[in-house]
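Structure for this input, please:
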Amino acid sequence: MTSFWTGQRVRLRGIEPEDWTAFMGFAVDEERLGDLLHPPRSAEEFRAWAKEQAVTKSDGDCFSLAIEVLDTGQIIGAVGSHYADPRAGRFEDGITMGAGHRRKGYAAEAVVMLLRFMFAERRYHKCEAQIFGHNEASLALHRRLGFAEEGRLRDHVFFASRHHDLVVMGILADEFAHLHSMSERD
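Below you'll find the model as predicted:
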């Protein structure tokens, strides 16, 4: 039997201190794509963040995991559960991928593993995603996985010198189960 967290091509795992260089690269990639602009961060800040992530216990059902390619062991992105509300039964997913690893199916596999865990093991009812309106790749990914657009918050966020739309997407546990296996063994 393989690990629940190991798919066909990727494995989800905890963030290790030595992963800091990959996460520094992801931050640069996100800035180039027009994501939120942050002041430059030092290598030491990324080192400290990764070290902290490696020893921090998950906050209930909120956590971040590194996405590792099985063949090479390379960290190519991160996926996580954020803003989990067990009483309402909903959480948000978040994903980031290194620029050279987009549109290759890695993100879809990682998100499916995350959703399977949150729906089948943690018994959440709904996953939401908040995606910048100009991020066509992420919007397309979530649509392919079965997410429906639930609303568009016009000019909701400000970065890169102007306002941008924020698209709210969601998928219910039964919708996910209809489209994807709820067991890693299937």
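
show me where this structure has strands.
Along the chain, the segments classed as strands by DSSP state E run 10-13, 63-69, 75-85, 90-97, 126-132, 148-159, 162-172.

Low-confidence regions, this structure specifically.
By pLDDT under 70, the low-scoring segments of the chain are 1, 32-37, 184-186.

picking up where we left off before, and Val28, which of the strands of the chain is closest to it?
Closest to Val28 of the strands of the chain, according to CB to CB: strand 90-97, at 11.5 Å. For glycine as for every other residue, the C-beta is placed from the backbone atoms N, C-alpha and C.

From the contact counts, what lies against the closest one?
helix 20-32, strand 75-85, helix 106-116, strand 126-132 (3 or more CB pairs under 8 Å, 6 or more residues apart in numbering; DSSP states H and E).

okay, the ones you listed in a markdown table with mean neighbour count next?
Below are the helices and strands packed on strand 90-97 laid out as a markdown table (neighbours: other CB atoms under 10 Å):
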| stretch | mean neighbour count |
| --- | --- |
| helix 20-32 | 17 |
| strand 75-85 | 20 |
| helix 106-116 | 22 |
| strand 126-132 | 20 |
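
Please name whichever of the ones you listed is nearest to Gly14.
Closest of the helices and strands packed on strand 90-97 to Gly14 is strand 75-85, at 10.8 Å (criterion: CB to CB).

Find out how far that closest one is from the centre of the chain, if you would.
4 Å (CA atoms, centre = their mean, to the nearest Å).

What lies in contact with that strand?
If you take CB atoms under 8 Å, 6 or more residues apart in numbering as the criterion, strand 75-85 is touched by 10, 12, 15, 19, 22-23, 26, 60-69, 90-98, 100-101, 106-107, 110-111, 113-114, 118, 124.

same deal with stretch 101-119?
Stretch 101-119 has contacts (CB under 8 Å, 6+ apart) with 4-5, 7-10, 12, 61, 65, 67, 69, 76-77, 79-81, 84, 91, 93, 95, 97, 124, 127, 137, 141, 144-145, 171, 173, 176-177, 180-184.

Fine by me, thanks again.
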